[in-house]
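Trainee: build me a model from this:
(one chain, ligands or ions: 1)
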Amino acid sequence: MNAQDGAKKADASRAATLIVNNKQMQMPVRSGTIGPDVVDVAKLYRDTGCFTYDPGFTSTANCSSKITYIDGEQGVLLYRGYPIEQLAQNSSMIETCYLLLNGELPSKADLDTFRTTITHHTMVHEQMTSFYSGFRRDAHPMAVMCGVVGAMAAFYHDSTNIHDPMHRKIASHRLIAKMPTIAAMAYKYSIGQPFIYPRNDLDYASNFLQMCFAVPCEPYVVNPIIARALDRIMILHADHEQNASTSTVRLAGSSGANPFACIAAGIASLWGPSHGGANEAVLNMLNEIGTVDKVPEFVKRVKDKNDNVLLMGFGHRVYKNYDPRAKIMQQTCHEILDLLGIKNEPLLKIAMELERIALHDEYFIEKKLYPNVDFYSGIVLRAIGFPVSMFTPLFAVSRTVGWIAQWKEMIEDPEQKIGRPRQLYIGPAQRDYVATTKR
Ligand code: ACO
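Mentor: Numbering: from 1, shown residues only. Predicted coordinates:
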């Protein structure tokens, strides 16, 4: 039995004992491959009549998973056991997609086949293009993506039988392949330019760049260094275990909903500024600060509880150390700005000063607030040419593989049931209806 097989087995010798409502119960303690143990409370209600209470799931594991591991104290992130630093350095987004979906790095032949499969699924049904004209031109691309991705179920219903492994596989490939096309079309629509079809001779990131930035009237040459940087950004965002959007995808999928609907739900959750919307919020914040000399004043506002200002791009539910993705993103940021000859980018200077002050300030040290992946990604994406409104859609494109791998894992996990949290009811106790004349 390998360590992963052992991960789901309860360890009877380390059962946790709980006494509640004068009832005593033993709860199994389960160990994973690495990381904290979990106390299995599944029978708590049956045996004691009590629920656990954990808003925000700060101490609750909702599933067992073999996909991604984070050690927030040490700043470690592993995809299928491989450190993010090694993947960002040596892998490609398409290989990382294979790894996340299938659990192992592909052989050369498997990688070629997978690349060909994804490449040949990149076009969307032509009729889907008419969906876009139903949106206002100034609609946020995330709003457009929620709608268009949800609509995929209406176009690709030959891959919506979640009980059929082949349907699940095809839906996964379609989502990974078409999401860049859908996001690029949302961008083109917002600026009034014609949609650009995918090109099968380009890699995943290069194809996305050309769908966003090419125009039909002149050739578009992809800058390989920018394409490599974008590919790396995609790898960094590809999965992040049970975050809000992934948990949303799992919860939506737990009812048996089709994968396109589930991913649309994930996009909606990602949009929030506490999650994927933070990269957009960081750039807005840097613009609002305006100049380096205003940084101390801004930090003062962040520390003032009455001011309700957050340092966007800082802090994380799990990382209580430097987010390993932020380190790679910072390095990528410098590389891209050097390449493009914009070393003196004022927003980068503000970001570096903010980071310097925050990393030495007692408020942030005490709360273990470090830069997260979003702190530098906006600066890089803006330098590449993406408008702020495309930052979160790009995150959605990158995270699609994580969402779909987690959805697939859930469907294939015999332990999973429909997600149905309980509550601590604090509303009125039962009372009788009163006629309007007597109120
Ligand atoms: N700036 C200032 N103070 C902060 C920040 C911040 N960015 N983040 C947390 N704090 C403070 C909180 O006010 C709280 O203080 P208190 O203990 O005095 O009340 C304390 O640190 C703990 O913060 P919580 O909000 O309880 O931590 P939680 O784990 O719930 O939140 C979150 C994590 C949502 C990421 C938060 O840090 C935040 O809002 N950060 C800014 C938004 C952001 O960058 N999000 C991207 C996350 S990464 C991603 O999704 C890709």
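Trainee: now the stretch 251-400 of the chain against the ligand: closest residue?
Mentor: Minimum separation of the stretch 251-400 of the chain from the ligand (C-beta to the nearest ligand atom) falls at G315, amounting to 2.4 Å. All C-beta atoms are positioned from the backbone trio N, CA, C, and that covers glycine.
Trainee: how many neighbours does the nearest residue to that residue once chain neighbours are set aside have?
Mentor: Nearest residue to G315 in three dimensions, chain neighbours excluded: L369, at 4.5 Å (C-beta to C-beta, 6 or more residues apart in numbering). Taking other C-beta atoms under 10 Å as the criterion, the count of residues near L369 is 20.
Trainee: list phi and psi for L369.
Mentor: Dihedral angles phi and psi of L369 (degrees, to the nearest 10) take the values phi -100, psi 120.
Trainee: do you know the pLDDT at it?
Mentor: Looking at L369, its pLDDT reads 93.
Trainee: state the distance from the residue lying closest to S91 once chain neighbours are set aside to the ligand.
Mentor: Of all residues not flanking S91 in the chain, I235 sits nearest, at 6.4 Å (C-beta to C-beta, 6+ apart). As judged by C-beta to the nearest ligand atom, to the nearest Å, I235 and the ligand stand 14 Å apart.
Trainee: residues in contact with I235?
Mentor: I84, L87, A88, S91, S92, M93, T96, S398 (C-beta atoms under 8 Å, 6 or more residues apart in numbering).
Trainee: what is the subsequent helix or strand relative to the lengthiest strand in the chain?
Mentor: Longest strand in the chain, counting residues (DSSP state E): strand 10-20. Next helix or strand after strand 10-20 toward the C-terminus (DSSP states H and E): strand 23-30.
Trainee: next helix or strand past that following strand?
Mentor: strand 38-39.
Trainee: how far off centre is that next one?
Mentor: Distance of strand 38-39 from the chain centroid (C-alpha atoms, centre = their mean, to the nearest Å) equals 25 Å.
Trainee: which helix or which strand is home to the residue nearest to D138 when sequence neighbours are not counted?
Mentor: Nearest residue to D138, sequence neighbours excluded (C-beta to C-beta, 6+ apart): S190, at 7.2 Å. Assigned by DSSP H and E, S190 belongs to helix 165-191.
Trainee: contact partners for the closest residue to the ligand within the stretch 1-150 of the chain?
Mentor: Residue of the stretch 1-150 of the chain nearest the ligand, by C-beta to the nearest ligand atom: G56 (6.1 Å). By C-beta under 8 Å, 6+ apart, G56 lies in contact with R317.
Trainee: just to be sure, it is in a helix?
Mentor: Yes - membership of G56 in a helix is supported by DSSP: H, G, I helix; E, B strand; the rest coil.
Trainee: quick check, pLDDT for it.
Mentor: pLDDT, read off for G56, is 95.
Trainee: ok, the residue nearest to D138 - contacts?
Mentor: S190 neighbours (C-beta under 8 Å, 6+ apart): R137, D138, A139, P141, V144, S389.
Trainee: sorry, back to before: the residue nearest to G315 contacts F314, correct?
Mentor: Yes - between L369 and F314 there is a contact under C-beta atoms under 8 Å: 4.9 Å.
Trainee: the stretch 301-439 of the chain: strands as residue ranges?
Mentor: Using DSSP state E, counting those that start in this stretch, the stretch 301-439 of the chain contains no strands.
Trainee: how many neighbours does the residue of the stretch 251-400 of the chain closest to the ligand have?
Mentor: Quick note: G315 (other C-beta under 10 Å) scores 20 neighbours.
Trainee: show the backbone phi and psi for it.
Mentor: Dihedral angles for G315 - degrees, to the nearest 10 - are phi 90, psi 150.
Trainee: out of everything not next to it in sequence, what's closest to V295?
Mentor: E353 (4.6 Å).
Trainee: I'd say that neighbour and D293 touch.
Mentor: No - counting by C-beta under 8 Å, E353 sits too far from D293 to count as a contact (9.1 Å).
Trainee: higher neighbour count, these two?
Mentor: Between E353 and D293, E353 has the larger neighbour count (other C-beta under 10 Å), namely 19 against 10.
Trainee: distance of the more buried one relative to L359?
Mentor: 11 Å (C-beta to C-beta, to the nearest Å).
Trainee: what of Y69?
Mentor: Taking C-beta to C-beta, one finds Y69 at 26 Å from L359.
Trainee: I am finished for the moment; much appreciated.
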